[in-house]
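Visitor: task: produce atomic coordinates for the following.
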Amino acid sequence: MSSDTKERILDKATELFNEQGITNTSIRNIADALEISPGNITYHFKSKEEIVQHIQERNFQSIQSVLAQSERVGLEHFDKILDTVMIQQQRSRCFFSDTMDLVRNYPSIAQKLAQNITKNLKTARVLFDYYIGRGLLKPERTEGAYDQLIHSILLVCISWLKHQTVMATNDVHFSEEYFLGMLRSMFIPHLTEKGLKEYEALHREKASTNDHKV
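Guide: All right, here's what the predicted structure looks like:
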């Protein structure tokens with residue numbers, strides 16, 4: 001029961017952080033939304049900062065678990081990572097839209113976030129080396145080129161949601177599918193002929209599956 005209560009608190013806090021911003025949401029707000037006392041929340045989490053920290057760590061573990069999967073059978077793993085990042089962005093928009101508030105108000109959490117990003121970058125590099133070994137990705141032309149590519153993909157992931165929020169539009173150029181296509185367009189030119197054939201086959205299969213669902 002205690003574990004369920006903690007998850008309910010984290011879920012409701014995430015919802016309110018997304019709607020109101022982290023800075024503008026108090027423990028009282030979270031308690032009122034859950035129809036429990038603030039004491040019930042501080043029994044599980046000593047402060048709002050601790051709640052934010054747990055949400056951030058939960059998000060990190062979700063992405064890291066996909067990145068670090070030991071059984072990688074092909075390029076569908078890359079798409080699975082992108083899908084997971086998209087899901088986490090939508091679930092925890094506040095961590096992407098309120099980044100500067102997070103840095104200013106919770107320096108220890110910002111430091112942990114930086115550490116987690118560094119871990120993700122290193123794990124992604126292992127995945128790229130795996131693709132090179134399988135002949136799916138071209139050998140690195142210059143030392144560090146793929147590290148820069150991975151970092152560029154990360155920067156797009158971080159900034160895209162802010163850009164969509166600022167534009168506040170339903171234009172196709174700010175849709176989730178356009179965002180995913182942008183990330184793939186950064187990756188595809190580095191595929192070998194073998195990798196490109198596998199990736200194209202993967203997306204034909206996806207398109208066919210989606211057509212059948214419709």
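
Visitor: which helices and strands sit right next to the lowest-mean-pLDDT helix or strand in the chain?
Guide: The helix or strand of the chain with the poorest confidence is helix 94-97; it has a mean of 76 (mean pLDDT, DSSP states H and E). Here helix 94-97 touches helix 2-20, helix 48-67, helix 145-167, going by 3 or more Cβ pairs under 8 Å, 6 or more residues apart in numbering; DSSP states H and E. For glycine as for every other residue, the C-beta is placed from the backbone atoms N, C-alpha and C.

Visitor: next one: the last one to chain centre, how far?
Guide: Spelled out, that is helix 145-167. Between the centre of helix 145-167 and the centre of its host chain there is 11 Å, according to Cα atoms, centre = their mean, to the nearest Å.

Visitor: and that helix with helix 48-67, angle?
Guide: 130 degrees (axes from the mean of the first three to the mean of the last three Cα atoms, to 10 degrees).

Visitor: dump the least confident helix or strand of the chain to PDB, restricted to CA.
Guide: The C-alpha coordinates for helix 94-97 follow below in PDB (Å, rounded to 0.1, in the frame of the first residue of the first chain):
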ATOM      1  CA  CYS A  94       7.900  20.200 -16.800                       C
ATOM      2  CA  PHE A  95      11.400  18.900 -16.800                       C
ATOM      3  CA  PHE A  96      11.900  20.000 -20.400                       C
ATOM      4  CA  SER A  97      10.000  23.300 -20.300                       C
END
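
Visitor: residues making contact with whatever helix or strand comes next after that helix?
Guide: The helix or strand immediately downstream of helix 94-97 is helix 99-105, counting by DSSP states H and E. Helix 99-105 is contacted from outside by Gly21, Ile22, Thr23, Val52, Phe95, Ile109, Ala110, Leu113, Ile158, using Cβ atoms under 8 Å, 6 or more residues apart in numbering.

Visitor: so the third one sits against Ser97, correct?
Guide: No: proximity of Thr23 to Ser97 does not meet the contact threshold set by Cβ atoms under 8 Å, at 11.7 Å.

Visitor: in terms of neighbours, single out the busier of those two.
Guide: Ser97 (20 against 15; other Cβ atoms under 10 Å).

Visitor: that one reaches Lys162, doesn't it?
Guide: Yes: with contact defined as Cβ under 8 Å, Ser97 reaches Lys162; the gap is 5.8 Å.

Visitor: many thanks, we can stop here.
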